[in-house]
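Asker: how would this look folded up:
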Amino acid sequence: MSDQDETTPVAAAPAEEKPAPAAETPVEKAEEKVQENGTGDAAEAAQPEPETPKDMRAIILTGFGGLKTVKVMKKPEPTLNEGEVLIRVKACGLNFQDLMVRQGAIDSPPKCPFILGFECAGEVEQVAEGVEGFKVGDQVVALPEFRAWAELVAVPAKYVFALPQGMSALEAAAIGMNYVVAYMLLFDLGGLSAGKSVLLHSAGGGVGQAVAQLCRTVPDVIVFGVCSKGKHEALKTAGSPIDHLLERGSDYTSEVRKISPDGVDIVLDCLCGEECNRGYSLLKPMGRYILYGSSNIVTGETKSFFSAARSWWQVDKVSPIKLFDDNKSLAGLNLRHLLFQQGGTEYVHRAMEKVFALWSEGKVKPVVDTTWALEDVAEAMQKMHDRKNVGKITLDPSMEPKPKPATPAKGKNKEDKKKQSSEEKKEPEEKKEEEKKEGAEKKEEATNGSSDNADSDSKEKEASS
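Answerer: Numbering: from 1, shown residues only. Model prediction:
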C-alpha cells in the first residue's frame, strides 16, 4: 500500500453517518426565534386586523312624507375621494328646501334612505389628494348636495368656503346659504342701487332678514316686508331694518300703493302661486320680479299634488312681448341647480366673499332663531313649517336632545290595568260583605231589644200578682 492510500480519507463514510443538514428557510428561522424568545402568542396578536368602520350620527330620510320619516341613525363615517375635504360638523342650517325634500317636492331627489341637509359648518379633519387651499384645522362652511346633517361629511372642495377670522360655526351656518342667496338676488339679479324700493315675502325668515340687512348697506333703500302678523312685534322688538311690515294673506298690494303709488323697483318672491301675479302688478317701469322659491306648495305635512297644481295654475303666463311693452323684467334663482347642475360655483364663491367682507366690517349679522339637537330635528322642521321662526333655525350635533316625556312600558301598562280591574271587581264585593254584616248586626240588635222588653213585661206581671 502506498503512502497516498494511507493518508487519503474516505469521503463517502462521513456522508452516510452524518447527512448534511438542509438549509433553513427564513420563515423557520423566524419561528425558532419567536419560540426562543417566548413571544409566539404576542406575535399572533400583533398581526393587524381589518379595521371596522366607525359609526357617526346622521339625520336620515327613510321615506318621503311626514315628520316620522326623519330619524337620527348610526351610519359609517364617510371615506374621502379625490378632491374632497372631510369636515367635523359643528353646526347645520335648516332651510325651507329641506322641508320640500322631506316631502319629495323637489326635482330629482335621491333614493331613500339618505342623509339630509344642504348646509353645515365645522373644522377640516382630513384633506384628500388634489385639494388646494385647505388644510387640517381650517374652519369652514360647506354647501353639499345632501349629507350635511351628520357628525362628519365629505364634501368636494369646490363647495367649501374658508371662514373669516373670528366667525363661529353657528354664525357660518346661519350666514352661508341665506346671505349668499340674498346677495345674489339683490345685486347680481336685482341691480339694487341707492334710492330703490324692495318688496320681499317671508320677511321674518332667514333669507328675509338677510335681504333686509343687505338693503341697509345701500343708501336710501325702502324695504316692504310681508310676513305673518305674529312676527311683526318680534321683528320690531329685534330692531329689524324693515321700513314697512305687511300682513301675510292681506291685501298688501293696496297697502304698498298707499305708501308708494308707483309701486316698487324689486319684488323678491319665495312663495309662487298667485303671489307672482300680485308681485308683477306692483312693479314700476324698469322694475324686476325675481322668483327664488315655491313654498306655497308646502301646505300640509306631506306632499300635496293639489297644492302644486294650484300654484302652477295661478301663475299668469307672461310673454316677452308683454315684458317689452311694460318695460319690466322677470328673473329666477335656484341655488341648487346653479351649484350642482349648471357649474355656477364661481358666482357662489364671489357672493360668499362679498358677504364675509360685509360681516367682517360689521355691516351684517345673522339672526338665529333657535338651535336644536339632531334628535329634535322634527320639532325644528315643524316650527319652520308653521312659519313661527324669526331668523335662522340651526342644528348642533353636540347639543343634548330635549328630555322626552316618560312613558310606562307596555307590560307594566297591562299589569296596571289588570290590577285596576281586579281592584274594581273587589270593591263591590267588599261593599256587599259590609252591607251583610251591617244587616246582621241590626237584626241582632232588634232581637236583643225584643227579648229585653219581654223580660221587663214578665217582671212587671210578677210584681202585680
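Asker: point out where the protein drops to low pLDDT.
Answerer: For the chain, applying pLDDT under 70 flags the ranges 1-51, 296-315, 406-465.
Asker: and the longest strand for it?
Answerer: Assignment by DSSP state E gives strand 84-94 as the longest strand of the chain.
Asker: same for the helix or strand that it is followed by, what does it pack against?
Answerer: With elements assigned by DSSP states H and E, the helix or strand that comes after strand 84-94 is helix 96-103. Applying 3 or more Cβ pairs under 8 Å, 6 or more residues apart in numbering; DSSP states H and E, one finds that helix 96-103 makes contact with helix 377-385. C-betas here are computed from N, CA, C, even on glycine.
Asker: nearest residue to Lys196 other than its sequence neighbours?
Answerer: Leaving out its chain neighbours, the residue that sits closest to Lys196 by Cβ to Cβ, 6 or more residues apart in numbering is Asp265, at 4.2 Å.
Asker: what count of nearby residues applies to that neighbour?
Answerer: For Asp265, the count of nearby residues is 24 (other Cβ atoms under 10 Å).
Asker: hang on, the earlier thing: the longest strand of the chain pairs with which strands?
Answerer: Using DSSP bridges, the strands paired with strand 84-94 are strand 120-127 (antiparallel), strand 152-156 (antiparallel), strand 392-396 (antiparallel).
Asker: may I have it as PDB, with CA atoms only?
Answerer: Extracted C-alpha coordinates of strand 84-94, given in PDB (Å, rounded to 0.1, in the frame of the first residue of the first chain):
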ATOM      1  CA  GLU A  84     -62.800  66.100  -1.200                       C
ATOM      2  CA  VAL A  85     -62.500  67.600   2.300                       C
ATOM      3  CA  LEU A  86     -63.600  65.800   5.400                       C
ATOM      4  CA  ILE A  87     -65.400  68.200   7.800                       C
ATOM      5  CA  ARG A  88     -66.100  67.600  11.500                       C
ATOM      6  CA  VAL A  89     -69.600  69.300  11.700                       C
ATOM      7  CA  LYS A  90     -70.300  71.700  14.500                       C
ATOM      8  CA  ALA A  91     -73.400  73.400  13.200                       C
ATOM      9  CA  CYS A  92     -76.000  72.800  10.400                       C
ATOM     10  CA  GLY A  93     -78.500  75.100   8.700                       C
ATOM     11  CA  LEU A  94     -82.200  74.300   8.300                       C
END
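Asker: chain center to that strand, what's the gap?
Answerer: Here strand 84-94 is found 12 Å from its chain centre; the criterion is Cα atoms, centre = their mean, to the nearest Å.
Asker: re earlier: now the strands paired with strand 84-94 in TSV, with mean neighbour count and distance to Ala172?
Answerer: Converted to TSV, the strands paired with strand 84-94 look like this (neighbours: other Cβ atoms under 10 Å; distance: least, Cβ to Cβ, whole Å):
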stretch	mean neighbour count	distance to Ala172
strand 120-127	22	4
strand 152-156	22	14
strand 392-396	26	10
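Asker: out of those, flag the one nearest Leu67.
Answerer: Taking Cβ to Cβ, strand 392-396 is the member of these nearest to Leu67, at 14.5 Å.
Asker: how many degrees apart are that closest one and helix 377-385 in direction?
Answerer: Strand 392-396 runs at 170 degrees relative to helix 377-385, counting by axes from the mean of the first three to the mean of the last three Cα atoms, to 10 degrees.
Asker: what's in contact with strand 392-396?
Answerer: The contact list for strand 392-396 (Cβ atoms under 8 Å, 6 or more residues apart in numbering) reads 59, 90-94, 149, 170, 173-174, 178, 206, 209, 366-374, 377, 380, 383-384.
Asker: ok, the residue lying closest to Leu246 once chain neighbours are set aside - contacts?
Answerer: In this structure, Leu246 finds its nearest non-sequential neighbour in Tyr252, 4.0 Å apart by Cβ to Cβ, 6+ apart. Counting by Cβ under 8 Å, 6+ apart, Tyr252 touches Phe224, Val226, Leu246, Arg278.
Asker: helices and strands around whichever strand or helix holds the last one, which ones?
Answerer: Think Arg278. Using DSSP H and E, Arg278 sits within helix 274-282. Other helices and strands packing on helix 274-282, by 3+ Cβ pairs under 8 Å, 6+ apart, are strand 197-201, helix 252-259, strand 264-269, strand 283-291, helix 305-314.
Asker: switch those over to a markdown table; also include distance to Thr217.
Answerer: Output for these, formatted as a markdown table (distance: least, Cβ to Cβ, whole Å):
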| stretch | distance to Thr217 |
| --- | --- |
| strand 197-201 | 13 |
| helix 252-259 | 22 |
| strand 264-269 | 15 |
| strand 283-291 | 18 |
| helix 305-314 | 33 |
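Asker: nearest to Pro219, of those?
Answerer: Nearest to Pro219 among these is strand 197-201; the distance by Cβ to Cβ comes to 13.0 Å.
Asker: what's next to the following helix or strand past that closest one, contact-wise?
Answerer: The first helix or strand that comes after strand 197-201 along the chain, using DSSP H and E, is helix 206-215. Applying Cβ under 8 Å, 6+ apart, the external contacts of helix 206-215 come out as 93, 95, 174-175, 178-179, 181-183, 185-187, 192, 198, 200-203, 221, 223, 225, 227, 240-242, 268, 270, 292, 358, 363-367, 389-393.
Asker: with stretch 125-142 instead?
Answerer: Counting by Cβ under 8 Å, 6+ apart, 80-88, 119-124, 148, 152-153, 155, 157, 159-163, 167, 169, 172-173, 175-176 sit against stretch 125-142.
Asker: now the buried members of the residues you listed.
Answerer: 80, 84-88, 119-124, 148, 152-153, 155, 157, 159-161, 163, 167, 169, 172-173, 175-176 (16 or more other Cβ atoms under 10 Å).
Asker: what about the helices in the stretch 51-200 of the chain?
Answerer: Ranges of helices within the stretch 51-200 of the chain are 96-103, 169-183, based on DSSP state H, counting those that start in this stretch.
Asker: please disregard the earlier target; I meant the stretch 301-450 of the chain.
Answerer: Remark: helices assigned in the stretch 301-450 of the chain by DSSP H, counting those that start in this stretch are 305-314, 320-326, 335-340, 345-360, 377-385, 410-464.
Asker: and the gap between Glu171 and Leu163?
Answerer: Computed as Cβ to Cβ, to the nearest Å, the Glu171 to Leu163 distance reads 8 Å.
Asker: cool, and Lys383?
Answerer: Relative to Leu163, Lys383 is positioned 27 Å away (Cβ to Cβ).
Asker: swap in Glu132?
Answerer: For Glu132 relative to Leu163 (Cβ to Cβ), the value is 18 Å.
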